[in-house]
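Colleague: Take a look and give me a structure for this.
(2 chains)
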Amino acid sequence: MSPVALAGVPALAAKDKKPDQKKPTAASGGPKLEVLNPRGLPPPITLIPMAKRLDTLDGKTVYLVSDGFPGADAFLNQMSIWFKKNMPSVTTVYRLKAGGFADDDPKLNTEIKEKGQAVIMAIGH
Amino acid sequence: MVTIAFKDLAKTNAAKRGMPLQRISFTPHPVWGKTDEQMYAYLEGNDPVSGKPLMKEVVATLTSPVTPDEAKTGTVTPPTGAPSFVGSADELQQQFLDNGMTDFMPILLPTREKVDAMLKATSHKPDEVVGKMTPAQGAFPAWSYTVEQVAVNAVMAGAIPDYFPTLLAIGSTGISALFSSTNSLVSAVVINGPIRDKLQMNYGIGAMGPFNQANAVIGRAWTLMSKNLDGGGVAGETYMGSQGNMINYNNLIIPENEKDSPWMPFHVQKGFKPEENVASFFFGFNITQGQGAKGLGMKPIPHYHEAMSANVAPFASLFGALFIVDPLVAKGLGDLGYKTKEDIADWLQKNTLVSVKDVKTMLFSGLPRGPQAANLTDDMMIPKWPKTDSYNFVVCGGQTNPYHQLANMSYRLSVSIDKWT
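Modeller: Just a heads-up that it's a prediction; the model follows:
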């Protein structure tokens, strides 16, 4: 299912739709039956509006946050080097997020809100 | 930022969490194991999804204004289809197959009549919520499901009504048999109590093979429940096992051979009464056979304990050890002086040692934490697992030979089946 359809943006869902694959189908004869849907009940989704974007990264502090998967630290270190070479006015700060990959890290969130203007989180395997 | 291998997962999960248009940039896969130069080349290259220069895209992600769609608020209920479907038997088989509601093998069609027959096997009401399940704790929002929805999946798997309370007990835990990890993990359930005989489960010859209706169907139903009740098992979205695992077809269903075991049944170890019917859950890497390990050639009694120790030494310590031993092995261990499961667990914990140096090089194995960590040196030998409860034992098998199997799996919990009758 299209992620955008899942959260209620049908116009974009049409764009995101994958072409139907032609598959061999079973014969369709015989009497009609009614069968029950086996699926469970997903929770409703509350849409979260995106945060306002910056006008520019010049002179800003960007936090590079690792989700803890192997290689994320080294990858973000390379990104820090890229910023130094290509956008030297950007200050980068590396942090490893606390807890498992799916856990929130309120302490780090507070720090970023106080001291940073943007976040790039990466990366997974 | 995410690697391209997780494209569908990242986009779908962002949507499920309320950000369907979250700005995600992708790198080639993998990052893990790449050199600094290779990773820098990723940054200098294109996003393999959008085709645009990656870092230019990242900067734009942080600086281009939020669109009205990205700023949308409100609540959305994800669609899961109509409550029922109408068609010929062939059409419905195809529809279930095409919509990812099967294990890609034919199902029994869940007609109202068959589902009602299933529902008669429990005193619980059809609309009672049984539990909540997610393909991966913390990563995906959990779905809830009713007694009737479990019954629909039970019918599809080929269950007879007598199996239904066991399936409800499994459903009540919220444990998915198709846990989404790149590690192709497997799940097991140990069944104890008189229900094993009532359902005519096989705990003798070939117990873990395709030789018994209850063993096979209960396991298959758990997989179907894990696909349909929580939206799991969609490869690339809610299932990420790199290679997959054939055990996921119907899982490890292990009725304990209490009759021929010299040891306390597993559920009694966990505080249940012998006459109670209980399902106990394990989770982890794969299962393998213990034959060939050192010690098994010893005479007159094979040194099963030494073999078990050798078997598990290379295991990842992320999960524990589950031994499924034939009654002959349990009796043989008794002859060697290990009269209880606790006796052999204690010996294994004290004698299965690994070097600090080796642990440092193993994936999914960690060194002890705390004050003693500072004193560890590479040549020191430390216990494979620090506690005896990492070693679990279930007796199962038909005594055609004194063999054991072992799984790199951890115990999770035990639940009453009787509660669901």
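
Colleague: Low-confidence ranges, the chain, go.
Modeller: Went with chain A since none was named. By pLDDT under 70, the weakly predicted segments of chain A are A:1-28.

Colleague: Actually, chain B is the one I wanted.
Modeller: For chain B, no range has pLDDT under 70.

Colleague: which residues in it form strands?
Modeller: Secondary structure of chain B (DSSP state E): strands located at B:2-3, B:26-27, B:74-76, B:84-88, B:129-133, B:143-146, B:186-192, B:252-255, B:278-289, B:321-325, B:353-355, B:381-383, B:391-395, B:404-416.

Colleague: now the ones you listed in JSON lines, with distance to chain A?
Modeller: C-beta coordinates here come from the backbone N, C-alpha and C atoms, glycine included. JSON lines is the format used below for the strands of chain B (distance: least, C-beta to the nearest C-beta, whole Å):
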{"stretch": "strand B:2-3", "distance to chain A": "6"}
{"stretch": "strand B:26-27", "distance to chain A": "7"}
{"stretch": "strand B:74-76", "distance to chain A": "4"}
{"stretch": "strand B:84-88", "distance to chain A": "4"}
{"stretch": "strand B:129-133", "distance to chain A": "7"}
{"stretch": "strand B:143-146", "distance to chain A": "4"}
{"stretch": "strand B:186-192", "distance to chain A": "18"}
{"stretch": "strand B:252-255", "distance to chain A": "20"}
{"stretch": "strand B:278-289", "distance to chain A": "15"}
{"stretch": "strand B:321-325", "distance to chain A": "23"}
{"stretch": "strand B:353-355", "distance to chain A": "21"}
{"stretch": "strand B:381-383", "distance to chain A": "23"}
{"stretch": "strand B:391-395", "distance to chain A": "24"}
{"stretch": "strand B:404-416", "distance to chain A": "16"}
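
Colleague: Let's have these in a markdown table, adding distance to A:I48 and mean neighbour count.
Modeller: Shown next, in a markdown table, are those (distance: least, C-beta to C-beta, whole Å; neighbours: other C-beta atoms under 10 Å in any protein chain shown):
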| stretch | distance to A:I48 | mean neighbour count |
| --- | --- | --- |
| strand B:2-3 | 18 | 23 |
| strand B:26-27 | 21 | 24 |
| strand B:74-76 | 10 | 14 |
| strand B:84-88 | 33 | 16 |
| strand B:129-133 | 22 | 21 |
| strand B:143-146 | 20 | 22 |
| strand B:186-192 | 33 | 26 |
| strand B:252-255 | 40 | 25 |
| strand B:278-289 | 32 | 20 |
| strand B:321-325 | 41 | 26 |
| strand B:353-355 | 46 | 16 |
| strand B:381-383 | 46 | 14 |
| strand B:391-395 | 42 | 26 |
| strand B:404-416 | 32 | 21 |
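
Colleague: Now distance to A:T91 too, for the ones you listed, in JSON lines please.
Modeller: Shown next, in JSON lines, are those (distance: least, C-beta to C-beta, whole Å):
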{"stretch": "strand B:2-3", "distance to A:T91": "24"}
{"stretch": "strand B:26-27", "distance to A:T91": "23"}
{"stretch": "strand B:74-76", "distance to A:T91": "37"}
{"stretch": "strand B:84-88", "distance to A:T91": "57"}
{"stretch": "strand B:129-133", "distance to A:T91": "43"}
{"stretch": "strand B:143-146", "distance to A:T91": "43"}
{"stretch": "strand B:186-192", "distance to A:T91": "46"}
{"stretch": "strand B:252-255", "distance to A:T91": "52"}
{"stretch": "strand B:278-289", "distance to A:T91": "43"}
{"stretch": "strand B:321-325", "distance to A:T91": "49"}
{"stretch": "strand B:353-355", "distance to A:T91": "43"}
{"stretch": "strand B:381-383", "distance to A:T91": "42"}
{"stretch": "strand B:391-395", "distance to A:T91": "51"}
{"stretch": "strand B:404-416", "distance to A:T91": "43"}
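
Colleague: which stretch among the ones you listed comes nearest B:V268?
Modeller: strand B:186-192 (7.7 Å; C-beta to C-beta).

Colleague: That closest one pairs with which strands, parallel or anti?
Modeller: Partners of strand B:186-192 in the sheet, by DSSP bridges, are strand B:252-255 (parallel), strand B:278-289 (antiparallel).

Colleague: roughly how far out does it sit from the chain middle?
Modeller: Mean C-alpha position of strand B:186-192 versus that of the full chain (C-alpha atoms, centre = their mean, to the nearest Å) differs by 9 Å.

Colleague: picking up where we left off before, B:M208: which of the strands of chain B is closest?
Modeller: strand B:252-255 (6.4 Å).

Colleague: any idea how far the closest one is from the chain center?
Modeller: On C-alpha atoms, centre = their mean, the centre of strand B:252-255 falls 13 Å from the chain's centre.

Colleague: go on, stretch B:185-194?
Modeller: 11 Å.

Colleague: and if you look at stretch B:130-149?
Modeller: In terms of C-alpha atoms, centre = their mean, the centre of stretch B:130-149 is set 15 Å apart from its chain centre.

Colleague: Show the end-to-end separation of that stretch, please.
Modeller: One end of stretch B:130-149 to the other measures 9 Å (C-alpha to C-alpha, to the nearest Å).

Colleague: Need the single longest helix in chain A, by residues.
Modeller: For chain A, the longest helix by residue count, based on DSSP state H, is helix A:72-86.

Colleague: how about it: buried residues?
Modeller: A:72, A:74-80, A:82-83 (16 or more other C-beta atoms under 10 Å in any protein chain shown).

Colleague: could those go into JSON lines alongside distance to B:Y391?
Modeller: Shown next, in JSON lines, are the buried residues of helix A:72-86 (distance: C-beta to C-beta, whole Å):
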{"residue": "A:A72", "distance to B:Y391": "34"}
{"residue": "A:A74", "distance to B:Y391": "36"}
{"residue": "A:F75", "distance to B:Y391": "38"}
{"residue": "A:L76", "distance to B:Y391": "39"}
{"residue": "A:N77", "distance to B:Y391": "40"}
{"residue": "A:Q78", "distance to B:Y391": "43"}
{"residue": "A:M79", "distance to B:Y391": "44"}
{"residue": "A:S80", "distance to B:Y391": "45"}
{"residue": "A:W82", "distance to B:Y391": "48"}
{"residue": "A:F83", "distance to B:Y391": "50"}
